[in-house]
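1. Let's see this in three dimensions:
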Amino acid sequence: MIKKSFSHIGIVFLNFFSILPMQVLYLIASICYYILYYMVGYRKKVVRENLVNSFPEKSLEEIIRIEKRFFRYFADLTVEIIKMQSISEKEVLKRVKFTNLHLVEAHFNKGESVLACTGHYGNWEWGMLALGSHLSKTAYVIYKPLNNKIFDNWFLKMRSKFGNVCVPMRQTLRMLTSTKNEASMFCFASDQSPVRGEAHYWLNFLNQDTAALLGLEKIAMQTNRPIFYFKLKYIKRGYYEVDCVPVCPVPKETKEHEITDIHFNILERIINEEPSYWLWSHRRWKTKREYAS
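-> Numbers count the residues shown, from 1 in each chain. Modelled structure (predicted):
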């Protein structure tokens, strides 16, 4: 009961926080950056370890420079996600621009469904939120539910406010079956880490032995739906561009694990171009091959 009360109080606070103008939120984010990085050191050890292992060729000075830029952006990202509660459709469409979505619509016009994936890079939340306003058909966004049901429901309402349908990971196949007769898009986060016991494929990603989820590939092979990658680019503070890149038009013509390799390679290139905007605070490599089974 006490935990629920604190959760509800937290939601009230976040809702109030969300109605503040973006300029005020970014000012708060700038202050929070200094607190997070210099005083609290939130997951600083995790971020440093991930960066050092991912970029062994970089000097410590370069690593720290990326690290600081990440934490500065992470503070911005946090207030931007909170802003989703009150942001208008007009405002989000002004801040997130899409290119090449006509390639997806071409499939919809023929009554065909597609699959899409992206990584935890830039503001993927705003990207998915804006997507719901652009597509003529429904976007089903696969997500991992939070343990706290109150906050999970709060996030779900935000994520679906412009037309998306959020689907828990374990209900993906059921939703695919129930919507098989309608043209749609199913969207996956390609860089999530499998839980222990579900790590069945490993690849080299950012110079590290990395466990990969195979859900996107398995569904693509079963349905033969073409795959697109949403390549998100940070333009300036609060503004993004999302390029819809076709990566696999005929999945059944690919070899085993080829699809997984493709979308991981795309994300790796994006990160190498500008590493500051990936979610380095995530414990991406906590699952080790020798303990996976």
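2. Please, where are all the helices along the stretch 151-293 of the chain?
-> Using DSSP state H, counting those that start in this stretch, the helices assigned to the stretch 151-293 of the chain run over residues 172-178, 215-223, 258-273.
3. Dump those into CSV; add mean neighbour count, distance to Val250 and mean pLDDT as well.
-> From N, CA and C alone the C-beta is placed, and that goes for glycine too. Formatted as CSV, the helices of the stretch 151-293 of the chain follow (neighbours: other CB atoms under 10 Å; distance: least, CB to CB, whole Å; pLDDT from 0 to 100):
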stretch, mean neighbour count, distance to Val250, mean pLDDT
helix 172-178, 14, 19, 95
helix 215-223, 19, 10, 95
helix 258-273, 18, 11, 97
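4. for those helices, which one sits closest to Glu241?
-> Glu241 lies closest to helix 258-273 among these, at 12.4 Å (CB to CB).
5. Now the helix or strand encompassing Tyr73: buried residues?
-> For Tyr73, the host element (DSSP states H and E) is helix 60-83. Of all the residues in helix 60-83, those buried under the rule 16 or more other CB atoms under 10 Å are 63, 66-67, 70-83.
6. Reformat the helices of the stretch 151-293 of the chain as TSV; add distance to Lys252.
-> Formatted as TSV, these follow (distance: least, CB to CB, whole Å):
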stretch	distance to Lys252
helix 172-178	16
helix 215-223	6
helix 258-273	10
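7. For the stretch 1-150 of the chain, give me the ranges with low pLDDT.
-> Scanning the stretch 1-150 of the chain for pLDDT under 70 picks out the ranges 1-3.
8. Run through the residues that contact the residue nearest the centre of the chain.
-> Of all residues in the chain, the one closest to the mean position by CA atoms, centre = their mean is His120, 3.5 Å from it. Listed by CB atoms under 8 Å, 6 or more residues apart in numbering, the contact partners of His120 are Ala189, Asp191, Trp278, Leu279, His282.
9. run the last query once more with 6 Å
-> Neighbouring residues of His120 by CB atoms under 6 Å, 6 or more residues apart in numbering: Asp191, Leu279.
10. how near is it to Lys144?
-> 11 Å (CB to CB, to the nearest Å).
11. what sits up against the helix holding Tyr73?
-> Identification of contacts with helix 60-83 by CB under 6 Å, 6+ apart yields 14, 17-18, 25, 29, 32-33, 36-37, 47, 51-52, 123, 125, 275-277, 280.
12. Could you check how many residues crowd around the nearest residue to Tyr277 once chain neighbours are set aside?
-> Distances taken as CB to CB, 6 or more residues apart in numbering place Gly122 nearest to Tyr277, at 4.8 Å, with adjacent residues excluded. With neighbours defined by other CB atoms under 10 Å, the count for Gly122 comes to 27.
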